[in-house]
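Chemist: Here is a sequence with its predicted model. Questions after.
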Amino acid sequence: MNGRRFAERGRFFRHIGIANLTILSMLERIFSPQSPCDCNVVHWESKLRRPRFHYRHSAVPRSFQLHGLLKPPAGKVAGVAQPVGYLISHEINDSSIVVNRLLKDGDQVFWLKEPVSVNGRKQGPGTIYVPASAKTRAILDRGAATLGVSSEGVAARPGGEALQLKPARIGLWDQYGGLMPSGWLRWMLEQYEFQFEVVYPQALDAGNLVGRLDVIVFPDGAISRGGRYDTGSQPKPEDIPAEYRNRLGGFTAEKTLPQLKAFADAGGTIIAMGSSSRMGMLLGLPMSDGLTETVDGRDRPLPGTKFYVPGSVLRASIDNTSPMAHGMPSEVDIYFENSQAFRLAADASLNGMQRGAWFSNATPLRSGWAWGQAYLEGKAEAVVSPLGQGKVFLIGFKATFRGQPHGTFKLLFNSIYFGPAKSSSAGAAVQ
């Protein structure tokens, strides 16, 4: 562009319309002292805090076309000539697609509890093991060729403890008219080939959930900060077509919560994200809101004058030995938008609650704005807790915001798999 090549990693080229020039001008004034540009093409070099702008002062030719996403480099199926099984890294998001294809095909899939070494490279807890078969190899070959997910054939079954995964019957919460975060999750689950159905409030309130579902996912917004959902803006049943009336309603402590408790008691898995993660307190788990202050003997949310973190990137610590966070690094950047943060009770671990993500210091800000960020120190952002025979997963921040923060997708995917999984060993499958 203008004689310059932009091929380095981390650089982005975007064609913007005239209507967006106001935004471009604003960004220019924020990030650069130079005068704003009057063009319609901008190159943005992505830096964590200070992007640089380069401009081309001419229209994009009509012949300019985009031809889809760049395919990942092909992987390979390597290892011994006649393997008894294959190992797959848990670090790659697209390994979930391969796992879902294997489970759909009836193959056995395990997560290994202990780290393993493959060709001198150590893989952490949660490495995926799949016993060999003719149909298994075909799925792995396809995953390597189209997704770049490699696998390593091994001559002996791994020893030690493992979790055996099972195809989960997933219910994704939504409401009449559609909740935007639920729509984004629907798209994500489709892209990663999870089998699911959309469930509405009336279906949950009717009960008998464990006979229909293994996992229920509540997206951000299903439950408000006050622990309920306001249905005041919904139409009257008689004002909409009959086929949509069963979608009316919302989460209530009176009707929905008892059914969810019964679901978990019977072995079901509940996953609550964003504002919906406050469900943990409604379910009586050993935790409380970590962003409150005590005034006149009563707890109240911190006011915006003391804590305000709108749409910023923060650094969180990760316990990747927990199945909830398998495949993740020890630290990760998360998207926090006035999100939830939890204070765990002193006896939380004794009651089986585990942290998957938390803030380990008083200055987690990486990019953006974080007024009062010191309040976050020590607070949990992702936890898993037993409830009856089941499990509850709570993810306080926006781990899947509009399908963009790929570095935290695993918290959702792992929770879906881990909830219904059974303890076993890779050498002795659970029937």
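Modeler: On my side now, so go ahead.

Chemist: all strands for the stretch 51-200 of the chain, in order.
Modeler: 52-55, 77-79, 85-88, 110-112, 116-118, 121-123, 128-131, 151-154, 161-164, 170-173, 196-199 (DSSP state E, counting those that start in this stretch).

Chemist: which of the ones you listed sits most buried?
Modeler: Highest mean neighbour count among the strands of the stretch 51-200 of the chain (mean count of other CB atoms under 10 Å): strand 110-112, with a mean of 25. Backbone N, C-alpha and C define where each C-beta goes, glycine included.

Chemist: what does that strand rub up against?
Modeler: 90, 125-130, 158, 160-165, 323, 326, 417, 421, 424, 426, 429 (CB atoms under 8 Å, 6 or more residues apart in numbering).

Chemist: let's see 7 Å
Modeler: 126-129, 158, 160, 162-165, 323, 326, 424, 426 (CB atoms under 7 Å, 6 or more residues apart in numbering).

Chemist: Closest one to residue 335 out of these, please.
Modeler: residue 326 (20.7 Å; CB to CB).

Chemist: how's this structure carved up into domains?
Modeler: Here the domain assignment for the chain is 1-68, 77-165, 170-420, based on automatic domain parsing.

Chemist: export those domains to CSV and tack on mean pLDDT?
Modeler: Output for the domains of the chain, formatted as CSV (pLDDT from 0 to 100):
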stretch, mean pLDDT
domain 1-68, 47
domain 77-165, 93
domain 170-420, 93
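
Chemist: Mind putting the strands of the stretch 51-200 of the chain into JSON lines with distance to residue 211?
Modeler: As requested, those are exported to JSON lines (distance: least, CB to CB, whole Å):
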{"stretch": "strand 52-55", "distance to residue 211": "57"}
{"stretch": "strand 77-79", "distance to residue 211": "39"}
{"stretch": "strand 85-88", "distance to residue 211": "33"}
{"stretch": "strand 110-112", "distance to residue 211": "27"}
{"stretch": "strand 116-118", "distance to residue 211": "38"}
{"stretch": "strand 121-123", "distance to residue 211": "38"}
{"stretch": "strand 128-131", "distance to residue 211": "30"}
{"stretch": "strand 151-154", "distance to residue 211": "36"}
{"stretch": "strand 161-164", "distance to residue 211": "22"}
{"stretch": "strand 170-173", "distance to residue 211": "12"}
{"stretch": "strand 196-199", "distance to residue 211": "13"}
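
Chemist: And for residue 423, the neighbour number?
Modeler: Counted with other CB atoms under 10 Å, residues neighbouring residue 423 total 10.

Chemist: again with residue 241
Modeler: 6.

Chemist: next one: residue 101
Modeler: Residue 101, neighbours per other CB under 10 Å, totals 18.

Chemist: didn't it look like it was pressed against residue 141?
Modeler: No. Residue 101 is beyond contact range of residue 141, at 11.5 Å (criterion: CB atoms under 7 Å).
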